[in-house]
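Chemist: Predicted model follows, preceded by the sequence.
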Amino acid sequence: MMMFKVRLGAFVLIICGLMPGAIVGAAAAFVGVNIGMDMVKRPSATDVVALLKAQQINHVRLFYADAALLRALSHTGIKVVVGVTNGEVEMFARTPSKAARWVNDMVAAPIAASTNITAIAVGNALLTTLPSAAGRLVPAMRHLHKALVSANLSDAVKISTPQSTDIMSAQFPPSAASFNSSRGSAVVREVLEFLESTGSFFMLNAYTYHSYVDSRGVFPIEYALLQPVSEAQRISDPNTGLLYETMLDSLVDATYYAMSALGFRNISVVVAETGWPWNGGVEEPYATVSNAETYNHNLILRVSNGSGTPSRRELPLNAYIYELYNEDGMPGPASARSWGIFFSDGKAVYPLNLSGAGSEGGGSGVNSAAGYCVAKLGVANTDLVKGINWACGEGNTNCSAIRPDGRCYGHTLRSRASYVYNEYYQIMRFCGGSCDFSGTAAITFTPPRYGQCNFTKILNSSASICPPPGSSDPTVPFAEATRIHYPDGNCIIVILLALTFLQFLV
């Protein structure tokens, strides 16, 4: 009987942990890469996978189904999104049997061989680049889904379709965004209905480079490069009052608002393509190595903090960098062939720590190079106090080191906030926590230090280190009031039901 009570108690704790509001951002955010092969000299499939492993890249999107590469990815654990080309969309819409054969050959068979395929990307920006085929898109998606259902793979493999931000008639302010009626808004609604009914996500190609160039100086380049800016430099949405410190956040939120305008509020957005070209012609002055390195570095930092966009803080931002290799066979301006972070021989165009991009699921759920969480520059002291109060109260952080007699009392309030933020993040990133603190925190890969205070960095762990609610002293030197952490309301109901049931066992 005692053993049963202990197990029931453990069950209650597990259920409470799964209740909405118990943790924030349960799934770790990630940065993946796109892989295209429009090159004069293609690397072999084994060379591609070797590079992915060396760079600790755990998420990839293939623009088309490459059988050799899918075989090489088997037993790696790398999560794969397989692409359906725009030409195949029309074929699969007309002929369901061909869609079924493709699913069998390019999805079911590789999965059986231990390739970790998690999604199918149907077409690419089809509604804006091939509008004549718009009516074929959803039928193709339905036929592919039917084939997945027949193969018993519809839960494990989701279907979506990457679309450009050009599908929206207005992108700023985000709250005013809507889907362009001339770009097939009726088809967009059908796409969203499909995504919602199958539990899938919206894939967005979001290029701040193009948005910045098209804006002709309306926005500062720092905003497009995802550079940290002060609160005064953030762009405000006049309708909501939300502040945007990066253009990427603004573009993603515009998509959320556009979907909401059609009545779809429960579909998450994944950034299917984003990046910055490192080279361009004389008419492309912003396509530089420095800007490309800055953008992708900042993208990794932005995603690694685990927070969502200003309007959807609870949904982590996931993104795929465009792209792994330079595709020197691409037509168009010089920049079109210069988006890769590696040359086809595997040499890096510029240094980029891709291992800091995190990994979703398995093990700790966060890459060992997740960095340190520190307070941003230019944040008001009142906001830092709120962050400290939350971390040391509801956040269950051990804050004894920042008391006046502690080794980390430091010189400034920002120093103390940085220490507390990092202590919280190093533990709670394994338990679903993020480095956000209402927009006052950011990730850095440079070890912070002041005085005798050393900042913690936990490389790998598991949920077993997650502290129980109320395990730390909520009082800190700057607390406006002592706070008590109460369980979530749904959790209380579960506890009461369990206790009532136990009475019958006594």
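Modeler: Good, I have the coordinates. Numbers count the residues shown, from 1 in each chain.

Chemist: For the residue nearest the centre of the chain, give me its contacts.
Modeler: Centroid-nearest residue in the chain, with Cα atoms, centre = their mean: Asn318, separated by 1.7 Å. By Cβ atoms under 8 Å, 6 or more residues apart in numbering, the contact set of Asn318 is Ala29, Phe30, Val31, Gly32, Val270, Val271, Val303, Glu360. Bear in mind the C-beta positions are built from the backbone N, C-alpha and C, glycine included.

Chemist: And the protein, what are its domain boundaries?
Modeler: As recorded under automatic domain parsing, the domains making up the chain are 26-357, 372-490.

Chemist: Mean pLDDT added to those domains, as TSV?
Modeler: TSV is the format used below for these (pLDDT from 0 to 100):
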stretch	mean pLDDT
domain 26-357	93
domain 372-490	72
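
Chemist: Enumerate the positions of stretch 391-399 that are buried.
Modeler: Ala391, Cys392, Gly393, Gly395, Asn396, Thr397, Asn398, Cys399 (16 or more other Cβ atoms under 10 Å).

Chemist: do stretch 130-146 as well
Modeler: 130, 133-134, 136-145.

Chemist: Name the nearest of the residues you listed relative to Phe264.
Modeler: Val138 (14.5 Å; Cβ to Cβ).

Chemist: Give me the phi and psi for the residue lying closest to that closest one once chain neighbours are set aside.
Modeler: Nearest residue to Val138, sequence neighbours excluded (Cβ to Cβ, 6 or more residues apart in numbering): Glu190, at 4.5 Å. Per-residue torsions, Glu190: phi -60, psi -40 (degrees, to the nearest 10).

Chemist: got it, and Gly83?
Modeler: Backbone torsions of Gly83, given as degrees, to the nearest 10, read phi -90, psi 140.

Chemist: what do you get for Val81?
Modeler: phi -100, psi 120.

Chemist: residue contacts, it?
Modeler: Gly32, His59, Val60, Arg61, Leu62, Ile117, Thr118, Ala119, Ile120, Ala121, Tyr320.

Chemist: Of these, just say which sits nearest to Ala176.
Modeler: Of those, the one sitting nearest to Ala176 (Cβ to Cβ) turns out to be Tyr320, at 27.1 Å.

Chemist: ok, now which ones touch the closest one?
Modeler: Tyr320 makes contacts with 31-34, 59-61, 81, 270-274, as judged by Cβ under 8 Å, 6+ apart.

Chemist: And the helices in the stretch 251-400 of the chain?
Modeler: 289-304, 381-392 (DSSP state H, counting those that start in this stretch).

Chemist: Distance from the chain centre to the longest one, please.
Modeler: Between the centre of helix 289-304 and the centre of its chain there are 14 Å (Cα atoms, centre = their mean, to the nearest Å).

Chemist: Quick check: buried residues in it?
Modeler: Of the residues in helix 289-304, 291-304 count as buried by neighbour count, 16+ other Cβ under 10 Å.
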